[in-house]
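quick one, fold the following:
(one chain, ligands or ions: 1)
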Amino acid sequence: MILRDTLLEQNHSYEQYGMKINANKKKIVVGRKLKKIMSRTQQCKLPVSSVYEYYNNLYGVANNYTLDNYQSSSVSNYSDPDNIIITPEDIAFACKGIKVDTAPGEDGVRMKVIKELRLYKSLSLIATYMLRWGHVPPCLRRARTILIYKDGNPDILKNWRPITIYSVLRRIIERVLDIKLRSYLDLNLNQRGFMSGPDLKVKFLSDIDKLIRSAVKEIINIPTDTPDAMLYAPRRLRGLGVFKAQWEAYLQHLNICQRLLHVDNPHVAATRNLPNEIEHCIKQLPITFDCSERISSQKLRKALREDSFHQWSKLKSKGLGVVFYSHWKKGNSWISTKKGHSSSQWTQAIKMNCNTIPVRTLPGRTLDSTHCRRCDEQETLPHVLDFCHHGELLRINRHNTVRSLIAASIRQNASYEVYEEVGCVSSDGSTRRADFIIIDRQKDKGVILDPAIRFEMHEQQPQEVCCEKQVIYSISLVVSILEHNTTSHIGKFLGLCSVPVA
Ligand SMILES: [Zn+2]
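Below you'll find the model as predicted:
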């Protein structure tokens, strides 16, 4: 028994000891974090008197930018502003919008206390009294102000932003008054500071777009720096064709207005100015061309997506060679069908599509060096795909697969004789291998076909590759004729080029 007791006691003390260590560890971590934050935030070292003088001059002067008369709102519920009564319900409503853990003012009164004790009635009485007599109690006039450093020279007070925290009681009353006073005002549509309205709508739509973009990136597992223009480009041009709320909000509205115009109902015409609404919608869309009121939302969406594709192709690094995707649109079908790709291959292909695959020369992909992991060259995507010795076998395999696919499709036409990988000796004595020699016996003609897969770089690339191949085959003319015992006048051999497909 004694042994068990001592063991229990020991255990207990160990537990306490463990908790102490944990608490100490926590303290150290919190201390470190605080130190980090403190080192980042700068404290204003200017004397208090100069700070006081500066803000006194700035805010202590009467506002001259006022009108003689202010028009009152026609829809106001309050007939006489002198009889405003602040009810406990008003206070409770204002309290709802304030967080429980909001910072207290100098008096130390916390929001949690007001909400838990439901002090709405007494606060409503204080507020009504303040309003009637135009008096603010001294305790509600005191505030805590801190200066937060913005940018530039720290010795100039203009570069500091003052943040003032009043008592929570005052903040609640201000909120109630704000709600009450707004009902007396007819604000100009351009006055949008600290107000909800059209600006919020734009912000709301852009927030939705942000959410959609990050969700799409997370679902298909592509890097966060994938260009937005690629997400919105049409799928037939290898974009992802993602929904954009900022376009759709206006496109759908435009569609509705056009339908209503088409119906030609006198009641609708009397209540709404549809042509105006259509014009407004078109103005809100980032369209660079002039368009009539009758343009369909489908056409507009198509134009917007194509514009997005052009923006993508203009990007310096992520738009490299993108312009080629519009040359042969059938080659882009994999982006929507995923045909022939596994999920990971499809994701990798999308990354290569906009040059965000983790090769070392891309900014942010590696910290130590930009050199290739397998050789001494710079690790760019063209290097990995076309040059690095490490991927040579894969490259040969890719070449052979493409070659047999092309051969099979040419052989479907019975009049062609197709020879693959023909060994040649050129007229200057060097040996070469032509990918295809295709002979049409009936017409007594033949061609050398040499497909090349290159990484897309610039628009003149196909012509350049074509010239390169033509130069090679203009001297190896004789050879293939000898090897395959064909007729002596095969005609003109041409080095052909094809725009790379994938
Ligand atoms: Zn390499």
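
so where is the stretch 401-502 of the chain shaky, pLDDT-wise?
Low-confidence segments of the stretch 401-502 of the chain, defined by pLDDT under 70: 426-427, 474-502.

quick one: the strands in it, in order.
Listed from the start of the chain, the stretch 401-502 of the chain has strands (DSSP state E, counting those that start in this stretch) covering 416-425, 431-440, 445-449.

could those strands go into CSV alongside mean neighbour count?
To be clear about C-beta, it is placed using only N, CA and C from the backbone, and glycine gets the same treatment. Shown next, in CSV, are those (neighbours: other CB atoms under 10 Å):
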stretch, mean neighbour count
strand 416-425, 16
strand 431-440, 17
strand 445-449, 20
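
between the ones you listed, which one is nearest to the ion?
Across these, the ion has its closest neighbour in strand 431-440 (24.2 Å, CB to the ion).

now do the strands in the stretch 151-300 of the chain.
Listed in chain order, the strands of the stretch 151-300 of the chain (DSSP E, counting those that start in this stretch) span 160-165.

before we move on, back to that, how about TSV for the strands of the stretch 401-502 of the chain, with distance to residue 331 added?
Listed next are these as TSV, based on distance: least, CB to CB, whole Å:
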stretch	distance to residue 331
strand 416-425	23
strand 431-440	19
strand 445-449	18
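
and these as JSON lines, adding distance to the ion?
Converted to JSON lines, these look like this (distance: least, CB to the ion, whole Å):
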{"stretch": "strand 416-425", "distance to the ion": "26"}
{"stretch": "strand 431-440", "distance to the ion": "24"}
{"stretch": "strand 445-449", "distance to the ion": "30"}
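
spell out which residues of the stretch 301-450 of the chain are next to the ion.
372, 374, 375, 388 (CB under 5 Å from the ion).

6 Å instead?
372, 374, 375, 377, 383, 388, 390 (CB under 6 Å from the ion).

which phi and psi does the third one have?
Reported as degrees, to the nearest 10, the phi and psi values for residue 375 are phi -150, psi -170.

which residues are in contact with it?
Contact analysis of residue 375 by CB atoms under 8 Å, 6 or more residues apart in numbering lists 388, 389, 390.

please apply the same query to residue 110.
104, 168.

just checking, residue 165 touches residue 107?
No - in this structure, residue 165 is not within contact of residue 107 by CB atoms under 8 Å, at 10.9 Å.

in JSON lines: the contacts of residue 375, plus neighbour count and secondary structure.
Shown next, in JSON lines, are the contacts of residue 375 (neighbours: other CB atoms under 10 Å; DSSP: H, G, I helix; E, B strand; the rest coil):
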{"residue": "388", "neighbour count": "19", "secondary structure": "coil"}
{"residue": "389", "neighbour count": "11", "secondary structure": "helix"}
{"residue": "390", "neighbour count": "12", "secondary structure": "helix"}
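
what is the nearest of those residues to residue 94?
residue 388 (66.2 Å; CB to CB).

and this structure, which of its residues are near the ion?
So the chain meets the ion at 372, 374, 375, 377, 383, 388, 390 (CB under 6 Å from the ion).

could you redo the last one with a cut-off of 5 Å?
Going by CB under 5 Å from the ion, the residues of the chain near the ion are 372, 374, 375, 388.

what about the third one, distance to residue 65?
Okay, so that is residue 375. For residue 375, the distance to residue 65 equals 69 Å [CB to CB, to the nearest Å].

just to revisit the earlier point, how about the residues of the stretch 301-450 of the chain next to the ion in a markdown table, adding pLDDT?
Formatted as a markdown table, these follow (pLDDT from 0 to 100):
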| residue | pLDDT |
| --- | --- |
| 372 | 89 |
| 374 | 88 |
| 375 | 89 |
| 377 | 87 |
| 383 | 88 |
| 388 | 89 |
| 390 | 91 |
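
now whichever residue of the stretch 101-250 of the chain sits closest to the ion: how far from residue 356?
As assessed by CB to the ion, the ion sits closest to residue 223 within the stretch 101-250 of the chain, at 21.6 Å. Here residue 223 is placed at a distance of 5 Å from residue 356 (CB to CB).

which one's more surrounded, those two?
residue 356 (22 against 15; other CB atoms under 10 Å).

quick one: residues contacting the closest residue to the ion within the stretch 401-502 of the chain.
Nearest residue of the stretch 401-502 of the chain to the ion (CB to the ion) works out as residue 455 at 14.1 Å. For residue 455, the contact set (CB under 8 Å, 6+ apart) comprises 321, 381, 382, 385, 386, 500.

from the residues of the chain next to the ion, which single one is nearest residue 60?
Taking the residues of the chain next to the ion together and measuring to residue 60 by CB to CB, the closest member is residue 372, at 66.4 Å.

looking at it, residue 419 is touching residue 446, isn't it?
No - Residue 419 sits out of contact with residue 446 when judged by CB under 8 Å, with a separation of 9.5 Å.

identify the contacts common to those two.
Applying CB under 8 Å, 6+ apart, one finds that residue 419 and residue 446 are jointly contacted by 437, 438, 439.

dump the residues you listed to TSV, plus distance to residue 102.
Formatted as TSV, the shared contacts of residue 419 and residue 446 follow (distance: CB to CB, whole Å):
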residue	distance to residue 102
437	82
438	79
439	85
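
work out for me the element residue 147 sits within.
Using DSSP states H and E, residue 147 maps to strand 144-149.

what's the angle from that strand to strand 160-165?
Calculated by axes from the mean of the first three to the mean of the last three CA atoms, to 10 degrees, strand 144-149 forms an angle of 150 degrees with strand 160-165.

run through who's touching strand 144-149.
Where contact means CB under 8 Å, 6+ apart, the residues beyond strand 144-149 that reach it are 41-42, 44, 51, 105-106, 159-165.

any chance of a ChimeraX selection covering the buried ones in those residues?
The ChimeraX selection below is limited to those of these classed as buried (16 or more other CB atoms under 10 Å):
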select :44,51,105,160,165
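
quick one, helices of the stretch 401-502 of the chain?
461-474, 477-483 (DSSP state H, counting those that start in this stretch).

ok now the first one, how far from the chain's centre?
Using CA atoms, centre = their mean, to the nearest Å, we find the averaged C-alpha position of helix 461-474 to lie 41 Å away from the chain's own average C-alpha position.

so how far is the one helix or strand residue 57 maps to from its chain's centroid?
According to DSSP H and E, residue 57 maps onto helix 48-59. Relative to its parent chain, helix 48-59 has a centroid offset of 42 Å by CA atoms, centre = their mean.

over to stretch 211-224?
Taking mean C-alpha positions (CA atoms, centre = their mean), stretch 211-224 and its chain are 9 Å apart.

pull the CA atoms of it into PDB?
This file holds the C-alpha atoms of stretch 211-224, laid out as PDB (Å, rounded to 0.1, in the frame of the first residue of the first chain):
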ATOM      1  CA  LEU A 211     -12.900  32.300 -53.900                       C
ATOM      2  CA  ILE A 212     -13.700  30.400 -57.200                       C
ATOM      3  CA  ARG A 213     -10.200  30.800 -58.500                       C
ATOM      4  CA  SER A 214      -8.500  29.500 -55.300                       C
ATOM      5  CA  ALA A 215     -11.000  26.600 -55.100                       C
ATOM      6  CA  VAL A 216     -10.400  25.600 -58.700                       C
ATOM      7  CA  LYS A 217      -6.600  25.800 -58.200                       C
ATOM      8  CA  GLU A 218      -6.900  23.700 -55.100                       C
ATOM      9  CA  ILE A 219      -9.300  21.100 -56.600                       C
ATOM     10  CA  ILE A 220      -7.200  20.400 -59.700                       C
ATOM     11  CA  ASN A 221      -4.000  20.900 -57.800                       C
ATOM     12  CA  ILE A 222      -2.300  23.600 -59.900                       C
ATOM     13  CA  PRO A 223       0.100  26.300 -58.500                       C
ATOM     14  CA  THR A 224      -1.300  29.500 -57.000                       C
END
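
many thanks, I have nothing further to ask.
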